[in-house]
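> take this sequence and fold it.
(chains A and B, ligands or ions: 2)
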Amino acid sequence: MSLVNIALAGQPNCGKSTLFNALTGASQHVANYPGVTVEKKSGSFRAKDIRFSITDLPGTYSLTSYSLEERVARDFILNEGPEVLINVVDAMTLKRGLYFTFQIMETGRPVVLVLNMMDLAEKNKIKIDHENLAQRLGVEVVPASMKTGSGKKDIIESVYNLSKSEKLKVPSQLDYLDMEEYLREIEVLLSKTSLTSKKIPLRWAAIKLMEDDENAKELVLQEETHQEIIAKVDELRKKFEEEINLKPEMYISKRRFEIAEDIVRTAVKKEENTKSNMTDILDSFLCHKIAGPVLLVGVIYLLYYLAIVQGYNITNYTWPLLAKIRTFTESIMPASGFIEEPLIRAFSLWFVDSVNALLNYIPIFFILFALIAVLEDSGYMPRMAFIMDRLLSRFGLHGQSTLPMVLGGIYVGGCAVPGVMSCRGIPDERSRLATILIIPLLNCLAKVPLYVLLINIYFAAHKGLAMFFISTISILLVLPVSKILTLTILKDKETAPFVMELPPYHIPSVKTVLMRAVERVWLFLKKITTIVAAVAVVIFVLLYYPGISDERMKYYHGEEEKAVSGFLKAASKTSFKEQFNVEKVTELANFYDTYRSAKMQGGSGFENKEKQFEEKFPLYLSIIKPSKDRELKLLGRELKKLVRSRKIISMEMKKERINNSFLGKAGMALEPVTQYAGFNWKVNVALLSALAAKESSVATLGALYQQDESGASLETRMGNEEKGFTPLHALSLMLFMVLYPPCVATAIAVKLMSGSAKFMVFSMIYPMIIGIFVSSAVFSVSTALNLSGLQAMFGFYGLALIFTIIMGFVKNDKNYQN
Amino acid sequence: MTLDEMKPGNKCKIKSLLASSMLGQRLFSMGMYPGAVVEIVRNAPLEDPMEIKMDSSLISLRHVEAGFVEVEFI
Ligand SMILES: Nc1nc2c(ncn2[C@@H]2O[C@H](COP(=O)(O)OP(=O)(O)OP(=O)(O)O)[C@@H](O)[C@H]2O)c(=O)[nH]1
Ligand SMILES: [Mg+2]
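Numbering: from 1, shown residues only, chains lettered A, B, ... in the order given. Ligands and ions are numbered 1, 2, ... in the order given. Down below sits the predicted model:
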C-alpha cells in the first residue's frame, strides 16, 4: 500500500477540522509546532490501495509571511510538499475564500476545492454553480456540508483520483495583466538559481518577490550572488509603482479580488433576502453598549459557577476514588514501625499524594475545557474580545486575553493551567506573551486555602472585606505588571493588527465540544502530570534529607519504649497478657489507624471491611469497639493513650526532620532577607514547599505548627504559637502568595505556550522579585507608620488602584509595519 | 475621509488602503479591497474597536487601524 501526504488548507472557521475529523475518525493526534504556539494536527485514513496521511494546517486568511500561522501553513506547503492540497472554502464567504484559493493555486500543488457549508448556502438561498467554478479555476470542486456529512465520499474520490493521475495537474494561473511582463523578467532571473531544483515554482517566487515578501527574499538570498536579483527586483518594484501608481503588493491583492469578484458574479446566484438573521439579532444584545458588558459578566459568572463551583462538587465524588489509590498504596507498602516509617513507604505515599492533588482537578478541567470549546464553537469568544479590547489593550494585553484571564482566576478560584493554555489564539505576540506571564499572578484555586487560613485568624472581624481585598487586588497588580512587561522586556516583540472576524453564531455540536475537552485533558495528563511527578521526587528529597541525627533518634526510641511499655504493663494485668509483645503493640497501633481511615471513608464498603477485620484481627477490633467488658475497656483506654503518644512523637520527628532538611535550612538562610516582609523561617519553608503545588503551603504550616493533644485546628495553633505574628504579617504573606511564582504544572504550560524555556524561567523568577519587594515595602512601611493590618490593606489597595490608572495612560507603541 | 470617522449606520465604499504591509495585507485579506462596500454596524461599549459589515461578514477593527482605510460615502 502506498502512502500519500495530503494537507487541509483554508481560511479560519471554514470547517477544516470538522472535515479532518470526518476523514480520519479517531486516528488523530495533536502536535505542537516546535517552539511556537501554532497547532498542527495529523492523522490518516485509507482509500482503496492508498493510505493518506493528512495534516490539518492552521486557518489563515492569506499566505503572506506576516503572521506565524501563515508562515507555518506556507512552509508546510512548500517544504513538505503534500501531494494534494484540499482547500476548504466556506460557501458563504466564497469571494474572500477565493482570494486564499488563488494563493494556494500559485504554489503549484494539485488542489481539490471543497465548497463547504452548502447547507447554510441553501438555507440562505445562495446557488453556486460548481461546474462553472471548477472550469474557471482549473481545479476540481466538490460541494459538501461537513455538518451533515454530505460530500465526504466525493472528496475522498477526488483526492484519490488526483493522487493516482499520471501527470501533475497544475491549477490554472491568474492573469496579473500589467504585471505579467515584470513577473516574466524575474522568472528569467530566478531560472538561473538553485531555486529550480527545490521544486518551488518560479512564478510563485516571482509574485512573492514583487510583493516584497521577507521569506521569499530570504529564500533567494541563500546564495550570495543573488543579492543582485534582490536589487533588480527592487528596481522593478519601483518602476511598477511609478507606472501604475500603486504599490505592487496592493496591485496583486487588488487583482486577486477583481478576479474573485468576477468569478462570483458568474457562478453564484443569490436571492436577495431582507429578513434579518439570527446573528444580527443576538449581536444587538450581546454587543450592546450596556447589555453587552452585563451579559459578559453573566457568562463569566456562569463559567465560574459551572466549572469551579460545580466542578469542585464533583471532586467530592471523585476524591474517594483517588483516596482508594492511596489506601491501596498504603496496603501494599511495608508497614510502619511504631515511630519509624520505612523510606519506600514514605516516598510512595508522598508521590501518590502529589499526583493525586493534581488529578483531583480533572473534573474541573474537563468542565472548563468543555465550556471553552462551547465558547469557541458558538462564536461568542470574538465578541468577548470585542467588548474588552479597549480596556485590556491599555495595559498591553489584547481583547482575546479576556478568556485566559477569566480562567486564570480574575476573582477567586481559577486555574492558571487552562488559562495559559487558552492563550494560543491571541494573534499579537507581545500581548500573548504578556498574558501568559501574568496569568500565574491571578487567584488560582490553590492559593485560596492559605488566604482562608490567614483571614480566619488575623482578620476574623473583617472577613468579608479582607476576602474582597484579596480577590480583587490581584487584578490591580496584574494590569500594571503587564504594562510594565510590555514596555520593557517584551518591548521588541511583534504586535499585530486587531482586525478580526466576528463569525456567525453556531449552536455548538456536542461531539466537537466533548472531543476537544477530552483532547485537552489528555494533553494535560500526558505533558504535565509526568513532570509534576518528577518534581515531587525532588521536593521529597529536599524535605526528607539529611534527616534526624542518630543521637536524636535514640531519644525518640526512648520515648517509644516508654509509650509501648506503658501499654504492655497495663495489658499484663489482664487475661490477654499472652497476646501482647512489642511487635504486636505496633501492629495494634497500625490497625487502629487503618480502622479509623476505613471508618472515615465510610460508605457501604465499610461493613464489608469490618467483616474482614473481624476475621483477621478479632481481638484488636473488640478492643477498639466500645465494650462492656472491664478488661477490654481498660485496654481500649490504654490504646488511645498509646496512639496519642505515638502521634506526638511522629509529629515532633516530622518537625525536626523538616528543620534539618535542605528546605528547612534554606528557609532559615532566607530569614535575613524575608524579615523585612515579616516572614520567619517557618513561613519561608511553607512558601518554598509550595513551589511544587501551592496547596502544600498550608499542609507544611500544619506540620510545622505542631499538633498537640487537644487536636486544635491549625488556626488556633498558629494563633497561639505565633504571638509575634500580627495581621500585618498575614497581609504581607497574602500579598506574597498573590505574586507567587507559577506551580510546576503552570510553568510547563508557560513553556509550551511561549515556546521557550527562557520565558518559563522568567515566569518563575520575576513574580518572586516583585513579591518580595511588595511584601517588604508593605510590611516595613506599615510597621514604621504604625498602621494596623486593615489600614495597611486599604492603603495599599488605594495605591495599587492609582498606580493601575496611571499605567493605563502610558502609551504603548505598536510594533508592526502598516 | 477615512473609515474611523464613520458613524454606526453609515455606508461607504473603500477608495484605497493607506497601508501596504502587515496591516494592509490583513485588511485586504479580510475583503477590504478598493471598491468594496462597507457598512458601519456599531462601536464597542468603550467606543473602540468598531464593527463593520461587508457582504455578509462582520469584522471588528480598532479605530487606529480603520484610519488607514480611505473611503467615500455612497
Ligand atoms: N452549518 C455548517 N456548519 C459547519 C459545517 N462545517 C463545519 N461547520 C461548523 O463551523 C465551525 C468551524 O469549524 P472548524 O472545523 O473548527 O473550522 P476550521 O476551519 O478548522 O477553523 P480554524 O481551525 O479556526 O481554522 C464549527 O462550529 C463547525 O461545527 C457545515 O458544513 N455546515
Ligand atoms: Mg481547525
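> how about residue B:19, secondary structure?
For residue B:19, the assignment made with DSSP: H, G, I helix; E, B strand; the rest coil gives coil.
> tell me who's in contact with it.
A:818, B:27, B:68 (C-beta atoms under 8 Å, 6 or more residues apart in numbering or on different chains). Just so you know, the C-beta spots here come from the backbone N, C-alpha and C atoms, and that holds for glycine as well.
> where does the prediction get shaky in the stretch 1-150 of chain A?
A:26-38 (pLDDT under 70).
> near ligand 2, which residues of it show up?
A:16-17 (C-beta under 5 Å from the ion).
> can you pull out the strands in chain A?
Assigned strands in chain A, in chain order: A:2-10, A:28-32, A:39-47, A:50-56, A:84-90, A:111-116, A:126-128, A:140-143, A:268-270, A:500-502 (criterion: DSSP state E).
> mind putting these into TSV with distance to chain B?
Listed next are the strands of chain A as TSV, based on distance: least, C-beta to the nearest C-beta, whole Å:
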stretch	distance to chain B
strand A:2-10	13
strand A:28-32	25
strand A:39-47	21
strand A:50-56	20
strand A:84-90	9
strand A:111-116	15
strand A:126-128	9
strand A:140-143	19
strand A:268-270	10
strand A:500-502	4
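> how about TSV for those, with mean neighbour count added?
Shown next, in TSV, are the strands of chain A (neighbours: other C-beta atoms under 10 Å in any protein chain shown):
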stretch	mean neighbour count
strand A:2-10	20
strand A:28-32	14
strand A:39-47	17
strand A:50-56	19
strand A:84-90	25
strand A:111-116	26
strand A:126-128	17
strand A:140-143	22
strand A:268-270	14
strand A:500-502	22
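> closest one to residue A:281 among those strands?
Across the strands of chain A, residue A:281 has its closest neighbour in strand A:500-502 (13.9 Å, C-beta to C-beta).
> wouldn't residue B:67 be in contact with residue B:6 here?
No - at 11.1 Å, residue B:67 and residue B:6 do not qualify as touching, with contact defined as C-beta atoms under 8 Å.
> now, among the contacts of residue B:19, which is nearest to residue A:122?
Nearest to residue A:122 among these, with distances taken as C-beta to C-beta, is residue B:27, at 30.7 Å.
> could you tell me the per-residue confidence at the closest one?
Per-residue pLDDT puts residue B:27 at 93.
> ok, it to chain A distance?
Separation of residue B:27 from chain A (C-beta to the nearest C-beta, to the nearest Å) stands at 6 Å.
> and stretch A:379-394, how far from the chain's centre?
20 Å (C-alpha atoms, centre = their mean, to the nearest Å).
> let me fix that, I meant to ask about stretch A:653-663.
Stretch A:653-663 sits 34 Å away from the centroid of its parent chain (C-alpha atoms, centre = their mean).
> which one's more surrounded, residue B:67 and residue B:6?
For residue B:67 and residue B:6, the more surrounded residue by other C-beta atoms under 10 Å in any protein chain shown is residue B:6, and the numbers stand at 20 against 16.
> phi, psi for the residue nearest to that one when sequence neighbours are not counted please.
Take residue B:6 and drop its neighbours on the chain: the residue closest to it by C-beta to C-beta, 6 or more residues apart in numbering or on different chains is residue B:40, 4.7 Å away. Backbone torsions for residue B:40, taken as degrees, to the nearest 10, come to phi -80, psi 120.
> how far away from the center of its chain is the lowest-mean-pLDDT helix or strand in chain B?
Every helix and strand in chain B was compared by mean pLDDT, DSSP states H and E; the lowest is helix B:22-29, with a mean of 91. Taking C-alpha atoms, centre = their mean, the mean C-alpha location of helix B:22-29 is offset from the chain mean by 11 Å.
> now do stretch A:385-397
Stretch A:385-397 has its average C-alpha position 21 Å from the chain's average C-alpha position, going by C-alpha atoms, centre = their mean.
> what sits up against that stretch?
A:287, A:292-293, A:296, A:398-402, A:405, A:430-431, A:434-435, A:438, A:479-480, A:482-483, A:485-487, A:490, A:498, A:500, A:502, A:807-809, A:812, B:44-49, B:51, B:60, B:62.
> and if you look at stretch A:767-776?
Counting by C-beta under 8 Å, 6+ apart, A:440-441, A:477, A:481, A:673-674, A:676-679, A:732-733, A:735-736, A:738-742 sit against stretch A:767-776.
> narrow those to those that are buried.
Among the contacts of stretch A:767-776, those scoring as buried are A:440-441, A:477, A:481, A:674, A:676-679, A:732-733, A:735-736, A:738-742 (criterion: 16 or more other C-beta atoms under 10 Å in any protein chain shown).
> out of the contacts of residue B:19, who's the most crowded?
Neighbour counts for the contacts of residue B:19 (other C-beta under 10 Å) peak at residue B:27, which has 27 neighbours.
> show the contacting residues for that one.
Contacts of residue B:27 (C-beta under 8 Å, 6+ apart): A:497, A:499, B:17, B:19, B:61, B:65, B:68-69.
> among those, which ones are buried?
A:497, A:499, B:17, B:19, B:61, B:65, B:68-69.
> dump those into CSV; add distance to ligand 2 and pLDDT as well.
Below are those laid out as CSV (distance: C-beta to the ion, whole Å; pLDDT from 0 to 100):
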residue, distance to ligand 2, pLDDT
A:497, 22, 92
A:499, 20, 92
B:17, 29, 91
B:19, 28, 89
B:61, 23, 96
B:65, 25, 95
B:68, 29, 95
B:69, 29, 95
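> just the closest of these to residue A:12, please.
Residue A:12 has its nearest neighbour among the buried ones among the contacts of residue B:27 in residue A:499, at 12.2 Å by C-beta to C-beta.
> and the nearest residue to that closest one once chain neighbours are set aside, its phi and psi?
Distances taken as C-beta to C-beta, 6+ apart put residue B:61 closest to residue A:499, at 4.5 Å, once the chain neighbours are dropped. As for residue B:61, its main-chain torsions (degrees, to the nearest 10) stand at phi -150, psi 150.
> so residue B:61 makes contact with residue B:49?
Yes - taking C-beta under 8 Å as the definition, residue B:61 is a contact partner of residue B:49 at 5.6 Å.
> quickly list what's touching both of these two.
Counting by C-beta under 8 Å, 6+ apart, the residues touching both residue B:61 and residue B:49 are residue A:498.
> stretch B:7-27: end-to-end distance?
With C-alpha to C-alpha, to the nearest Å as the measure, the first residue of stretch B:7-27 is 19 Å from its last.
> just how off-centre is it within its chain?
Centroid separation for stretch B:7-27 versus its chain: 4 Å, with C-alpha atoms, centre = their mean.
> for ligand 1, see how far away residue A:100 is.
Using C-beta to the nearest ligand atom, to the nearest Å, residue A:100 is found at 11 Å from ligand 1.
> which one is that residue nearest to, not counting chain neighbours?
Nearest to residue A:100 is residue A:11, by C-beta to C-beta, 6+ apart, at 5.4 Å.
> residues in contact with stretch A:442-456?
Contacts for stretch A:442-456 (C-beta under 8 Å, 6+ apart): A:308, A:312, A:361, A:364, A:405, A:408-416, A:419, A:463, A:466-467, A:470-471, A:474-475, A:478, A:693-695, A:697-698, A:701, A:714-715, A:718, A:730, A:733-734, A:737-738, A:740, A:743.
> so how many other residues sit close to residue A:771?
22.
> quick one on the thing from earlier: which of the buried ones among the contacts of stretch A:767-776 fall within helices?
Counting by DSSP state H, the buried ones among the contacts of stretch A:767-776 place A:477, A:481, A:674, A:732-733, A:735-736, A:738 in helices.
> residue A:405 contacts residue A:439, correct?
Yes - the pair residue A:405 / residue A:439 is scored as a contact, 6.9 Å apart, by C-beta under 8 Å.
> common neighbours of these two, please.
Joint contacts of residue A:405 and residue A:439 (C-beta under 8 Å, 6+ apart) are residue A:419.
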